[in-house]
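Peer 1: Provided below for reference: sequence and predicted model.
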Amino acid sequence: MAQLLKANGLLFNAARRDVLCVLLRASAPLDVDTTLAAARSDGSHVSRAAVSRFLNLLTRLGVAEVAARRNARRFFRLKRQTQTISLSCVRENRIIEVRDDALVQAVEHMLYGRGYRLAEGIDFRIEPLAASSDRPKA
């Protein structure tokens, strides 16, 4: 990361290191406020503005991506090799990441067949089924 930033004429300072450590440990996409809280709980003195600028910078450099949006909030994650779909679970008010290449490919194939593709930052609305009687019959 330090080499990538240096190649673009940027510094890799302590605040950026702290934010990157939070992103590396994250199991789900994080927004600016959650990233800031996690960095500060680790003892960092990073500002909210620095977190926001660095997340946007990582996105512009292609290291991170906007995995989901909820209202005006954007949720970032580091780009991975494994394909994922980020789902916004309304009932639990959290983002669930599905890391199943077969499922992602099936969704992409279905959308492609109808003339669509998955767009960055688009989230799916899901709700858990109340009972087994709600499930479609196979």
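Peer 2: Happy to help now that I have it. Residues are numbered from 1 along each chain as shown.

Peer 1: hang on, isn't residue 6 packed against residue 12?
Peer 2: Yes. Residue 6 lies in contact with residue 12 (Cβ atoms under 8 Å); the separation is 7.1 Å. C-beta: built from backbone N, CA, C; applies to glycine.

Peer 1: so which of those two has more stuff around it?
Peer 2: More crowded of residue 6 and residue 12, by other Cβ atoms under 10 Å: residue 12, with 14 against 11.

Peer 1: what's the separation between that one and residue 25?
Peer 2: Between residue 12 and residue 25 the computed distance is 18 Å (Cβ to Cβ, to the nearest Å).

Peer 1: for stretch 94-110, give the mean pLDDT please.
Peer 2: For stretch 94-110, the mean per-residue pLDDT is 71.

Peer 1: between the two ends of that stretch, how far is it?
Peer 2: Distance across stretch 94-110, first residue to last, is 25 Å (Cα to Cα, to the nearest Å).

Peer 1: once you drop chain neighbours, what's closest to residue 26?
Peer 2: Once flanking residues are discounted, residue 26 sits nearest to residue 77: 6.8 Å by Cβ to Cβ, 6 or more residues apart in numbering.

Peer 1: that neighbour belongs to a strand?
Peer 2: Yes. If the criterion is DSSP: H, G, I helix; E, B strand; the rest coil, then residue 77 is within a strand.

Peer 1: now for the host helix or strand of residue 65, which elements pack on it?
Peer 2: Taking DSSP states H and E as the definition, residue 65 sits inside strand 64-70. Judged by 3 or more Cβ pairs under 8 Å, 6 or more residues apart in numbering; DSSP states H and E, strand 64-70 is in contact with helix 48-60, strand 73-78, strand 85-89, strand 94-98.
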